[in-house]
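Undergrad: 3D, please:
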Amino acid sequence: MPYNKTVEKTTMTKTKTKRVTVTPLSRKAKNRFANEMDLFHSCTVESEREMADGSEWMFLKSLNQCYYFWVPVKGNKDWKVDK
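TA: Numbers count the residues shown, from 1 in each chain. This next block holds a predicted model:
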């Protein structure tokens with residue numbers, strides 16, 4: 001018998017982790033890539049947002065979980081984003 005009678009069954013759903021590949025373009029990004037990301041090109045997508053101007057952005061987490069950053073879906077002067 002469940003402890004709380006209002007909760008009898010809990011179901012879990014699995015969601016697939018979305019990953020993208022990034023390539024550093026600027027000197028600053030190359031520095032972060034080498035020192036913070038351990039030269040791993042793959043990143044986990046933590047969040048996706050559409051801004052007021054219509055641009056789409058992703059919040060990425062490096063595989064070693066040491067570096068987090070926002071980047072436009074189409075990339076920018078610092079990062080090239082490949083899906």
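Undergrad: which intervals of the chain have sub-threshold pLDDT?
TA: Regions of the chain meeting the criterion pLDDT under 70 cover residues 1-14.
Undergrad: And the strands in it?
TA: For the chain, applying DSSP state E gives strands covering 19-24, 42-50, 56-62, 68-72, 79-82.
Undergrad: so which of those strands comes closest to residue 36?
TA: Nearest of the strands of the chain to residue 36, taken as CB to CB: strand 56-62 at 6.7 Å. To be clear about C-beta, it is placed using only N, CA and C from the backbone, and glycine gets the same treatment.
Undergrad: got the buried residues for that closest one?
TA: Across strand 56-62, burial judged by 16 or more other CB atoms under 10 Å covers 57, 58, 60, 61, 62.
Undergrad: List the contacts of that strand.
TA: For strand 56-62, the surrounding residues in contact (CB atoms under 8 Å, 6 or more residues apart in numbering) are 20, 22, 36-38, 40, 43-51, 67-74, 81.
Undergrad: rewinding a little: got the buried residues of strand 56-62 as JSON lines, with distance to residue 28 columns?
TA: What follows is the buried residues of strand 56-62, written out as JSON lines (distance: CB to CB, whole Å):
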{"residue": "57", "distance to residue 28": "18"}
{"residue": "58", "distance to residue 28": "18"}
{"residue": "60", "distance to residue 28": "16"}
{"residue": "61", "distance to residue 28": "18"}
{"residue": "62", "distance to residue 28": "15"}
